[in-house]
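**Q** sharing a sequence plus its predicted fold:
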Amino acid sequence: MTHTKQKHLTAIIVDDEELARQGLAMRLEDFGEIEVLQHCQNGKEAIEAIVEHEPDVMFLDIQMPGMTGFELIREIQADVMPIIIFVTAYDAFAVDAFEVHAVDYLLKPVEAERLAEAIEKAAQLREQRAAITDKQKLLHLAVSLTGKSSAAIGELLESGADIVEQADRLAIKDGSSITFVPVREIDWIDAAGDYMCVHARGETHIMRTTMKELEARLDPSIFQRVHRSTIVNLERVEKVSSHINGEFHLKLSCGSSLKMSRSYKEKVKHFF
C-alpha cells in the first residue's frame, strides 16, 4: 500500500479494555501518517478529548459499559465530529450496516491489512467530508438499530419527527410515541443535517427538524447559538475557558464540554 503524503491524521482510541487500546496503538505505530493523541477508556473521556484535540479520526469500540459507542456518537458536538472507525467484535453480518453509512469498521483482533485500508479511507474522507453529514448518517444508523419496527422507522422518517410547542415544553414525536421535554430541562442542542439532538436530563432525544425551526421556539434570553450547529442553555454553563486558537470551551453543569467558536463570542459574552 502507498501511504498518503498529506499531513498526519490525528486520532484517539476509545475502548474500555486497556489491552485492546495498547494493541491497536502498537499497530498504528507502523503507519507514519497517523498520530494517536490520546487513549480513552470511556465515553466521557472521549468527549473531552474530542473537544480539546478535535482529532481527524476516532477508533471507537461499540460495546462499552456506561456509554456504548452509539450513545457516544449522540453526545458528540456535530461541529467537531471526527471520522468514525468502529472497532468491534461483531461478526461481518452485523457490521455490513456500517459500510452502507460510509463509516469503516475493524473486527477484533485487528488485521494489519484491514487497518491499512481503514486509514487510507479516513485520509480520503478528510479531504471531502462534512462532519455534520457524518453525524447525520450515524444518527440514522443508531435510530435504525434501536429495535423499532420498519413501519415505525418509516413513519419517523416520513413524518419528520414533528416538534410541537406546548407552553414550556416540547412534544417530540418519535414514531408512534411522544416524549414531552420541559424546555428548562434542556442542556444543549446540536444539529446534524435534518436531525436535531436535544440533550436533557442525561438523555438525548433525536428528531428530524431544522435548527431554524427549533431555535424559533426557544427563549433567546436563555438559549443561544455558540457554534454553527450548537445551541446551549446559558443557565447550564458553569465554566468558560479560552483555547490557544482563540476559541472557547464551555463546561456545562450536566458534565458536557462544548466548543464555542470565536464568531459567537460577542453575541453571548454579556450572558456570562
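**A** Thanks, I have the structure now. Numbering: from 1, shown residues only.

**Q** what sits against the residue lying closest to L252 once chain neighbours are set aside?
**A** Leaving out its chain neighbours, the residue that sits closest to L252 by CB to CB, 6 or more residues apart in numbering is R236, at 4.4 Å. In short, each C-beta sits where N, CA and C put it, glycine included. Counting by CB atoms under 8 Å, 6 or more residues apart in numbering, R236 touches D187, W188, L252, S253, C254.

**Q** do that again at 10 Å, thanks
**A** By CB atoms under 10 Å, 6 or more residues apart in numbering, R236 lies in contact with 185-188, 199, 222, 250-254, 256, 258.

**Q** show the buried residues in those.
**A** Among the contacts of R236, those classed as buried by 16 or more other CB atoms under 10 Å are E185, I186, D187, W188, H199, L250, K251, L252, S256, L258.

**Q** helix, strand, or coil at the third one?
**A** Here D187 takes the strand state, with states given by DSSP: H, G, I helix; E, B strand; the rest coil.

**Q** ok, it touching N233?
**A** Yes. The pair D187 / N233 is scored as a contact, 5.6 Å apart, by CB atoms under 10 Å.

**Q** tell me, what's the model's pLDDT at the residue nearest to L252?
**A** pLDDT for R236: 94.

**Q** count the neighbours of V87 for me.
**A** Using other CB atoms under 10 Å, V87 has 25 other residues around it.

**Q** with K44 instead?
**A** By the measure other CB under 10 Å, the count of residues near K44 is 16.

**Q** can you tell me how far it is from S257?
**A** The gap separating K44 from S257 is 9 Å, by CB to CB, to the nearest Å.

**Q** what of I172?
**A** Counting by CB to CB, the gap from I172 to S257 is 24 Å.

**Q** these two: which is more packed in?
**A** More crowded of I172 and S257, by other CB under 10 Å: I172, with 21 against 18.

**Q** can you map out the helices along the stretch 1-150 of the chain?
**A** Assigned helices in the stretch 1-150 of the chain, in chain order: 18-28, 43-53, 69-75, 92-100, 112-128, 131-144, 150-159 (criterion: DSSP state H, counting those that start in this stretch).
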